[in-house]
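**Student:** Whatever this is, show me its structure:
(one chain, ligands or ions: 1)
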Amino acid sequence: MSTSALPPTPQVLASASQVTKRFGGVTALDDITLDIRSGEAVGLLGPNGAGKSTLISLLCGLRRVDVGKVRIFGQDPLNPASRLRLGTTPQATSVPQTLKVHETVDFVAAHYPNPIPTAELLADFGLSDSAGRQCGALSGGQQRRLLVALALVGRPQLVILDEPTTGLDVEARDSLWRLLRAYRSSGGTLLITSHYLEEIEALASRVVVIDQGSVIADGSVDDIRGEVALSRVSFRTSLPPSSFMQLAHTVGVETRDDGRLTIITSDGDVTVRALVLEHLDVASIEVRAASLEEAFRALTGDHGMKVPEAHPARTFGRDQS
Ligand SMILES: Nc1ncnc2c1ncn2[C@@H]1O[C@H](COP(=O)(O)OP(=O)(O)OP(=O)(O)O)[C@@H](O)[C@H]1O
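**Tutor:** Next up, the predicted model:
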């Protein structure tokens, strides 16, 4: 029987196998296993301190595992040759303040065998007019765009980005998203971390949720949404949050400064019925679907994960680029 009709199994470009990483008494990654396959766009999501940056630093060869094995392109990422097909922008990286933009691109490009010509890359990233300026003179949005351009200059097969748009306004963020989508549609593989499901939904097809160093969910955006289809029932009350924790289907209870209390529930109708039937002291009830961020925050018991209203992209000033 011919097997020619079978699609080829996508190649694993990056992997972590039973990886544990500790910092003193803190277990940042706890026996984590994950494969990133060619052509995938994977969003790594999780609250503050979940272990996302640690995993990325291992995959990029910036740290060593304590236990387990990481590989990129089948090799140990500590070996520089393994990183020639990798493009990356770690979270804390900043551009060299006194080098000119084109000098910076030329410098990074010189590390790769077949880089994108500097002028072409700068044009793609809308930075041609800034080629002769010092990097430190660029706006925050332009600097972030330059960092992502540097990640792409070597025509990488795999790009790993740690929170690439944190702190950007909507316009600058959307422009970076467009560039990353273009990279994806040219066949590139992407691993990106974010606090924002909105960003993961915009860029990734697969979502991996990490909490306390372990993978707690891994699936398509729709799969994950199905798992966390929660509702928010909010109201005014004089009762303490503990009065509502025992109601059936309650996943979490949050209070707000304006005195409203919100129950995150897996069944909004049942929760509203219970509030009424049990004659609890509640008024002006509102029910709406929880966003994915809110759902994860409730499910992981985390309060560091930002809800959409707090997205810096919505609260920062306009990018001057
Ligand atoms: N260099 C370090 N020294 C000590 N502890 C560290 C170090 N790096 C990370 N940790 C700890 O490891 C855990 C995982 O941190 P990590 O930065 O990987 O999380 P994260 O998911 O990227 O968080 P964030 O979203 O806030 O960037 C945290 O408890 C953190 O405090």
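
**Student:** elements contacting the helix or strand where residue 177 lies?
**Tutor:** Element membership for residue 177 (DSSP states H and E) is helix 170-185. Helix 170-185 sits against helix 140-152, strand 158-162, strand 189-194, helix 197-203, helix 312-315, with contacts defined as 3 or more CB pairs under 8 Å, 6 or more residues apart in numbering; DSSP states H and E. For every residue, glycine as well, the C-beta is placed using N, CA and C.

**Student:** Number of residues surrounding the residue nearest to residue 219 when sequence neighbours are not counted?
**Tutor:** Once flanking residues are discounted, residue 219 sits nearest to residue 207: 6.5 Å by CB to CB, 6 or more residues apart in numbering. Residue 207: 24 surrounding residues under other CB atoms under 10 Å.

**Student:** Would you mind writing the CA trace of the host helix or strand of residue 207 as PDB?
**Tutor:** Secondary structure from DSSP H and E places residue 207 in strand 206-211. The C-alpha coordinates for strand 206-211 follow below in PDB (Å, rounded to 0.1, in the frame of the first residue of the first chain):
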ATOM      1  CA  ARG A 206      -2.200  26.500  19.800                       C
ATOM      2  CA  VAL A 207      -2.300  27.700  23.400                       C
ATOM      3  CA  VAL A 208      -0.100  26.200  26.200                       C
ATOM      4  CA  VAL A 209      -1.100  27.400  29.700                       C
ATOM      5  CA  ILE A 210       1.600  27.200  32.300                       C
ATOM      6  CA  ASP A 211       1.000  27.600  36.000                       C
END
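
**Student:** Return the list of strands paired to it, each annotated with direction.
**Tutor:** Partners of strand 206-211 in the sheet, by DSSP bridges, are strand 41-45 (parallel), strand 214-220 (antiparallel).

**Student:** Let me know which of the ones you listed is tucked in deepest.
**Tutor:** strand 41-45 (a mean of 25; mean count of other CB atoms under 10 Å).

**Student:** List the contacts of that one.
**Tutor:** When contacts are defined by CB atoms under 8 Å, 6 or more residues apart in numbering, strand 41-45 is touched by residues 36, 52, 55-56, 184, 189-195, 197, 199-201, 203-210, 296.

**Student:** now swap in stretch 27-34 and tell me
**Tutor:** Under CB under 8 Å, 6+ apart, the answer for stretch 27-34 is 15-22, 51, 54-55, 58, 67-68, 208, 210, 212-215, 218.

**Student:** Among those, which ones lie close to the ligand?
**Tutor:** The overlap between the contacts of stretch 27-34 and the neighbours of the ligand (CB under 6 Å from any ligand atom) comes to 51, 54.

**Student:** on that earlier part again, export the strands paired with strand 206-211 to JSON lines and tack on distance to residue 128 and mean pLDDT?
**Tutor:** Shown next, in JSON lines, are these (distance: least, CB to CB, whole Å; pLDDT from 0 to 100):
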{"stretch": "strand 41-45", "distance to residue 128": "27", "mean pLDDT": "92"}
{"stretch": "strand 214-220", "distance to residue 128": "38", "mean pLDDT": "89"}
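
**Student:** any chance of these in TSV, plus distance to residue 259?
**Tutor:** Shown next, in TSV, are the strands paired with strand 206-211 (distance: least, CB to CB, whole Å):
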stretch	distance to residue 259
strand 41-45	31
strand 214-220	32
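
**Student:** so which of these comes closest to residue 96?
**Tutor:** Residue 96 lies closest, by CB to CB, to one member of the strands paired with strand 206-211: strand 41-45, at 27.3 Å.

**Student:** After the closest one, which helix or strand is next? Please name it.
**Tutor:** Toward the C-terminal end, the helix or strand that comes next after strand 41-45 (DSSP H and E) is helix 52-59.

**Student:** Show residues contacting that next one.
**Tutor:** By CB under 8 Å, 6+ apart, the residues outside helix 52-59 that reach it are 14, 16, 19, 21, 28-29, 32, 34, 44-46, 63-65, 70, 72, 77, 88, 90-91, 160, 162, 191, 193, 210, 213.

**Student:** Only whichever of those residues are buried, select them in PyMOL.
**Tutor:** Filtering those down to the buried ones (16 or more other CB atoms under 10 Å) takes a single PyMOL command:
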select buried, resi 14+16+19+21+28+29+32+34+44+45+46+63+65+70+72+77+88+90+160+162+191+193+210+213
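
**Student:** how long is stretch 129-143 end to end?
**Tutor:** Stretch 129-143 stretches 14 Å from its first residue to its last (CA to CA, to the nearest Å).

**Student:** any idea of the mean pLDDT for it?
**Tutor:** In this model, stretch 129-143 has a mean pLDDT of 92.

**Student:** so what's residue 262 up against?
**Tutor:** By CB under 8 Å, 6+ apart, the residues touching residue 262 are 232-234, 253-256.

**Student:** Sounds good, over and out.
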